[in-house]
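Asks: could you look at this predicted model? Sequence included:
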Amino acid sequence: MMKTNRRQFAAILALSVSMACATTGPSVPVPPNIADGLNLEPHSADQRALSELLIQLIQADTSNPPGNEGAAVAVLAAFFKAHDIPTKTISAPGLEDRPILIAHLKAARRFKKPMVLLGHTDVVPADAKAWKNGIKPFGGRQQDGYIWGRGALDMKGMLAVEAMSLVLIKRHFMDSKSHKLERDLFFVATPDEEDQGLGAQYVADNMEKLFGDRPEMIINEGGIGLRNLIIPGQDLWAVSVAERGNVWVEVTVKGDTGHGSQAWGGFASQRLIEGLTRLRESPFPIRLNPATLEMLRRAAPAAGLPKSFFMSRAMFVKGALSSQPATNASVRNTCIETALQAGGPRPNVIPPKATAMLDCRVLPDEDPQTMVEALRVRLAIEGVELKVRSMRPGSQSVWTSPLFGAFERHLPADGKQVVVPVVSPGSTDSAWFRGKDVPYVYGILPFMIDVQELKTIHGLNERIAESELHAGLGRMVRIIADVAGTLRPKFKD
């Protein structure tokens, strides 16, 4: 009898697990499949033009500071002019010599609100001496199947894909008798994303004037395809639907000065170091955002039973999420010291003041103001001065939209690839538009890369595989076709 009960219990458990793993998440609307009715695959000439455009953009050194984004805007303006796509340049206050470029494909009759392909032209600086194998950060070199250079991934590769996508959409929709655009399509390249984001902020504040209406959907950076992100052998298309907010805080500790040979406890730099140690040893708690829960549910089946059962319900996975920097930064608030300063006029003088700059990030549904007080508690330094240098709340879009449905249809290459919503650890220009109530603002670079390639963003030897650059163009064009085009126009030519 005991053996029978055990068998029954095992059978019931197995049935429960299998049923639980079959549960589904929120419904995602799927747009009409416009792309499959057209031959949208880029020609070899399109691919060569795409590679050349990226090389030219990389060669335009737009390191911020100082920016010099006009060099990249000139490249883009010439590209669009060659393909007879109208453009205009505007300037944001405070960025008068750093232009914003807007290209426009106008729908014959607009049945839906505009769609925006967004990107930034500035890049972070690069130390040419540290790059290997003779690669120059702004050389735009083609080698070993890659295009190398600062901005290849962040985000001039995406800018090139978005620009070339307008060319292909124009080719297939603007002069077609059977396929039409039912929403205006805009390409927007902004300056200053790597600093204050003033370019995108200006665009977000003036959307009705610039686009004629508030856009319904925006595609920007923030997510990317990653191999083996959570489960070995599984490729994830991580679409950023949310971003953490940022709080940049200057921490100052003051104390007595004196001779370095007569050290005493409690001087400024010592107290600051001890406080930063306490901060590091007291991490903020893990809290799973709804987008993170949905990511786990979608990724879980590849883990196999019984792991998939627990993973789909976020059980026993918090340790795994916090063990990797990329996922740890998406499930908790963080603070990291990015600058330290102390020192007297000589090595034997104890400095009277020590400061640190902290880059703190807060989950998208938390008030960033609470971070300041939480920071004060964790540092536990008597008399510490905290000065907020920058504060911006997090942002979030729902992923239950036709655009996300188009991602699900056209990003995966096979059954092993899964499209998931994620919380982006950092912040992008998307936040400005979510803050102005644009419904669907998503971040996705349409390239599948590995962790080593991911590390080159803001790092050494940044590069993109040319095959992925070309594949990304095909993915992007098909996505745009499904959400911006129509097979059966409601009007006659």
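Replies: Perfect, I can see it now.
Asks: quick one: mean pLDDT over stretch 160-177.
Replies: Stretch 160-177 shows a mean pLDDT of 94.
Asks: right, I mislabeled it, should have said stretch 49-62
Replies: On average, stretch 49-62 scores 98.
Asks: buried residues in that stretch?
Replies: Using 16 or more other Cβ atoms under 10 Å as the test for burial, stretch 49-62 gives 49-51, 53-62. C-beta: built from backbone N, CA, C; applies to glycine.
Asks: and for stretch 202-209?
Replies: In stretch 202-209, counting by 16+ other Cβ under 10 Å, buried: 202-204, 207.
Asks: before we move on, what about stretch 75-86?
Replies: 75-77, 79-80, 85.
Asks: circling back: distance to S312 and secondary structure for the buried residues of stretch 49-62 - can I get that in a markdown table?
Replies: Output for these, formatted as a markdown table (distance: Cβ to Cβ, whole Å; DSSP: H, G, I helix; E, B strand; the rest coil):
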| residue | distance to S312 | secondary structure |
| --- | --- | --- |
| A49 | 44 | helix |
| L50 | 39 | helix |
| S51 | 41 | helix |
| L53 | 42 | helix |
| L54 | 39 | helix |
| I55 | 44 | helix |
| Q56 | 46 | helix |
| L57 | 41 | helix |
| I58 | 42 | helix |
| Q59 | 47 | helix |
| A60 | 46 | coil |
| D61 | 47 | coil |
| T62 | 43 | coil |
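Asks: I'd like the buried residues of stretch 75-86 as TSV, with pLDDT appended.
Replies: Output for the buried residues of stretch 75-86, formatted as TSV (pLDDT from 0 to 100):
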residue	pLDDT
V75	98
L76	98
A77	98
F79	98
F80	98
I85	98
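Asks: quick one: which of those is nearest R287?
Replies: L76 (40.6 Å; Cβ to Cβ).
Asks: any idea how far the residue lying closest to the closest one once chain neighbours are set aside lies from F187?
Replies: Take L76 and drop its neighbours on the chain: the residue closest to it by Cβ to Cβ, 6 or more residues apart in numbering is L101, 5.5 Å away. Counting by Cβ to Cβ, to the nearest Å, the gap from L101 to F187 is 8 Å.
Asks: so between these two, which is more surrounded?
Replies: Comparing L101 with F187 by other Cβ atoms under 10 Å, the one with more neighbours is L101, at 26 against 22.
Asks: excluding covalently adjacent residues, which one is nearest to S322?
Replies: N328 (4.5 Å).
Asks: how about the one you found, what does it touch?
Replies: 321-322, 334 (Cβ atoms under 8 Å, 6 or more residues apart in numbering).
Asks: so for it, what's the pLDDT?
Replies: Per the predicted model, pLDDT is 82 at N328.
Asks: K353 versus that one, what's the distance?
Replies: Using Cβ to Cβ, N328 is found at 33 Å from K353.
Asks: same deal with L379?
Replies: Taken as Cβ to Cβ, the span from L379 to K353 is 16 Å.
Asks: ok so, going back, farthest-separated two in the buried residues of stretch 49-62?
Replies: Using Cβ to Cβ, the buried residues of stretch 49-62 reach their maximum pairwise distance at A49 and D61, which is 22.0 Å.
Asks: the stretch 151-300 of the chain: strands as residue ranges?
Replies: 180-181, 185-190, 217-227, 235-243, 245-254, 258-259 (DSSP state E, counting those that start in this stretch).
Asks: could you dump these into a markdown table with distance to G119 and mean pLDDT added?
Replies: Compiled in a markdown table, these are given as follows (distance: least, Cβ to Cβ, whole Å; pLDDT from 0 to 100):
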| stretch | distance to G119 | mean pLDDT |
| --- | --- | --- |
| strand 180-181 | 20 | 94 |
| strand 185-190 | 5 | 98 |
| strand 217-227 | 7 | 96 |
| strand 235-243 | 14 | 97 |
| strand 245-254 | 20 | 96 |
| strand 258-259 | 54 | 86 |
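Asks: can you put those strands in a markdown table and add distance to R287?
Replies: Formatted as a markdown table, those follow (distance: least, Cβ to Cβ, whole Å):
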| stretch | distance to R287 |
| --- | --- |
| strand 180-181 | 42 |
| strand 185-190 | 32 |
| strand 217-227 | 20 |
| strand 235-243 | 13 |
| strand 245-254 | 14 |
| strand 258-259 | 45 |
